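J.: pasted the sequence and its predicted model underneath.
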Amino acid sequence: MKGVNEYAKLMCLSEKRLGQATAKVLGKSPKEIINDRVLLEIKRLLVHSNLSIKEIGQELGFDDPAYFVRYFKKKIQKLHQ
């Protein structure tokens with residue numbers, strides 16, 4: 001799951017309320033938290049699996065391998081700024 005609305009529904013909260021709670025407790029938006037987790041999982045799979053880039057993307061719900069690579073590069077670049 002990569003959508004804030006999916007997590008909000010699971011917790012029986014509105015997206016707005018979930019955003020308020022995560023901002024107060026973690027200082028981040030729900031989307032930032034989700035993106036951080038996805039990035040961590042990508043790194044884990046790159047290091048600890050024999051899966052190809054395409055397979056890792058599919059495993060994490062990315063239908064387009066090119067978009068997956070762009071997503072990963074963008075997030076990594078933000079970390080190193």
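T.: Perfect, thanks for sending it. Numbers count the residues shown, from 1 in each chain.

J.: and the end-to-end length of stretch 44-58?
T.: Length of stretch 44-58, first residue to last, Cα to Cα, to the nearest Å: 15 Å.

J.: now what about that stretch, what contacts it?
T.: For stretch 44-58, the external contacting residues (Cβ atoms under 8 Å, 6 or more residues apart in numbering) are 42, 59, 60, 64, 65, 68, 69. All C-beta atoms are positioned from the backbone trio N, CA, C, and that covers glycine.

J.: let me know the pLDDT of residue 71.
T.: If you check residue 71, the pLDDT there is 93.

J.: leaving out the residues flanking it, which one is nearest to it?
T.: Using Cβ to Cβ, 6 or more residues apart in numbering and skipping residues adjacent in sequence, the residue nearest residue 71 is residue 62, 7.0 Å away.

J.: can you give me the distance of that neighbour to residue 10?
T.: Distance of residue 62 to residue 10, computed by Cβ to Cβ, to the nearest Å: 21 Å.

J.: swap in residue 61?
T.: Taking Cβ to Cβ, one finds residue 61 at 16 Å from residue 10.

J.: how about residue 16?
T.: Applying Cβ to Cβ, the value for residue 16 to residue 10 is 16 Å.

J.: and the contacts of stretch 44-58, which are buried?
T.: Buried subset of the contacts of stretch 44-58 (neighbour count, 16 or more other Cβ atoms under 10 Å): 42, 68.
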